[in-house]
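Engineer: no letters, just coordinates:
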């Protein structure tokens, strides 16, 4: 059986650290906690689970902190979690069983669920490198949104991790790090440029975000999934700046990189809905329903885009086109996907009222 060192970096996580460690402790053989400057009771909490708690002077570099934490692991595999991540008992059991099947494996990818609907079902997920064989070449890279480029025999597991943040607000930390990096003249890799642009978008600096996104898209390097996401974010920036034609062009640009994705088709549908062109909008939402889900390659997946979202939007489109029967049909399909959705329930009451009044 292979052994696992859980290596975490934390700061001021007293509200969630115990929740995380309680879920994972039975499945790992060693817990390494690297504290980057907590001022609350995070370290006291960590010491209840392990005596391997290390101080690390924060230097605006997540990769450096992760590499330090990984350097302390002694087991066959190194695993990372954030303090606000959760592994369910079922997935902890799967991880225990997986330890018997890791001969010849260099890295394990696991689904990372980061957004959820009203029932707690994931609506956004993607694969992340989660276990790395300690003896295999590995190094975290990137000051923010750090990652390891996995090589060798990579296993895609059915184990998933839930990201369950309790934070209500997010500051400018990530953006500040990127801006310091840019000001210092340190060269950014394409991935850094993409995430820098995304931070600018999050902080409503649309013109600057647009400029960085175009730099990234014009670079021949860069991950295909980031290219497609960059087209979507570029579209959002153009829309916020009142450049509606360019917003549409940015979405169609994504077809350069792969076949149409349901997420992009929904964005195009929303574009035409905003223009009150409901026939064109319906075309794109129906196309979204026909799009196959991406292969398990680590790409970002908005699960609602493959069912619930296009159905609920098609309900609106056909209602506006006065095709009430088809509108109700799509609302029922949306309800089958998410029966407790407020939008579905509101529409159901609306159609019941139409029936009672004999409109259709």
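Structural biologist: Right, received. Where do you want to start? As the structure is a prediction and not an experimental result, all values here were calculated from the model. Numbers count the residues shown, from 1 in each chain.

Engineer: burial of residue 24, as a residue count?
Structural biologist: Residues lying near residue 24 (other C-beta atoms under 10 Å) number 22. For the C-beta atoms, the positions are set from N, CA and C on the backbone; glycine is no exception.

Engineer: so which elements touch the longest strand belonging to the chain?
Structural biologist: The residue-count maximum for a strand in the chain (DSSP state E) belongs to strand 122-133. Packing partners of strand 122-133 (3 or more C-beta pairs under 8 Å, 6 or more residues apart in numbering; DSSP states H and E): strand 77-79, strand 107-116, strand 147-148, strand 154-163, strand 301-302.

Engineer: reformat those strands as JSON lines; add mean neighbour count, distance to residue 55 and mean pLDDT.
Structural biologist: Formatted as JSON lines, these follow (neighbours: other C-beta atoms under 10 Å; distance: least, C-beta to C-beta, whole Å; pLDDT from 0 to 100):
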{"stretch": "strand 77-79", "mean neighbour count": "26", "distance to residue 55": "20", "mean pLDDT": "98"}
{"stretch": "strand 107-116", "mean neighbour count": "20", "distance to residue 55": "28", "mean pLDDT": "97"}
{"stretch": "strand 147-148", "mean neighbour count": "19", "distance to residue 55": "23", "mean pLDDT": "96"}
{"stretch": "strand 154-163", "mean neighbour count": "17", "distance to residue 55": "26", "mean pLDDT": "96"}
{"stretch": "strand 301-302", "mean neighbour count": "20", "distance to residue 55": "38", "mean pLDDT": "94"}
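
Engineer: follow-up on the earlier one: note down every partner strand of the longest strand of the chain and its orientation.
Structural biologist: On the basis of DSSP bridges, the sheet neighbours of strand 122-133 come out as strand 77-79 (antiparallel), strand 107-116 (antiparallel), strand 301-302 (antiparallel).

Engineer: nearest to residue 272 among these would be which one?
Structural biologist: strand 301-302 (18.8 Å; C-beta to C-beta).

Engineer: what are the buried residues along the next helix or strand after the closest one?
Structural biologist: Going down the chain from strand 301-302, the next helix or strand is helix 308-320, by DSSP states H and E. Judged by neighbour count using 16 or more other C-beta atoms under 10 Å, the buried positions of helix 308-320 are 308-319.

Engineer: give me the below-cutoff pLDDT ranges for the stretch 251-360 of the chain.
Structural biologist: 295-298 (pLDDT under 70).

Engineer: what mean pLDDT does the longest helix along the chain get?
Structural biologist: Taking DSSP state H as the criterion, the chain has its longest helix at helix 224-240. The pLDDT scores in helix 224-240 average 97.

Engineer: that one: what's the following helix or strand?
Structural biologist: Where DSSP H and E defines the elements, the next helix or strand beyond helix 224-240 is helix 244-253.

Engineer: in a markdown table: the strands paired with strand 122-133, plus distance to residue 172.
Structural biologist: Shown next, in a markdown table, are these (distance: least, C-beta to C-beta, whole Å):
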| stretch | distance to residue 172 |
| --- | --- |
| strand 77-79 | 30 |
| strand 107-116 | 21 |
| strand 301-302 | 26 |
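
Engineer: can you give me the strands for the stretch 1-150 of the chain?
Structural biologist: In the stretch 1-150 of the chain, the segments counted as strands under DSSP state E, counting those that start in this stretch are 4-10, 30-35, 53-55, 77-79, 85-86, 107-116, 122-133, 140-141, 147-148.

Engineer: just to revisit the earlier point, adding distance to residue 252, write the helices and strands packed on strand 122-133 out as CSV.
Structural biologist: Converted to CSV, the helices and strands packed on strand 122-133 look like this (distance: least, C-beta to C-beta, whole Å):
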stretch, distance to residue 252
strand 77-79, 40
strand 107-116, 26
strand 147-148, 29
strand 154-163, 31
strand 301-302, 19
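
Engineer: for residue 117, what are its contacts?
Structural biologist: Counting by C-beta atoms under 8 Å, 6 or more residues apart in numbering, residue 117 touches 123, 304, 308, 338, 341.

Engineer: for these, pick the one with the most neighbours.
Structural biologist: residue 304 (24 neighbours).

Engineer: for stretch 45-63, give the mean pLDDT please.
Structural biologist: 98.

Engineer: which positions in that stretch come out as buried?
Structural biologist: So, applying 16+ other C-beta under 10 Å, buried residues of stretch 45-63: 45-46, 49, 52-54, 56, 61-63.

Engineer: would you mind measuring the gap between the ends of that stretch?
Structural biologist: Stretch 45-63 has an end-to-end distance of 24 Å (C-alpha to C-alpha, to the nearest Å).
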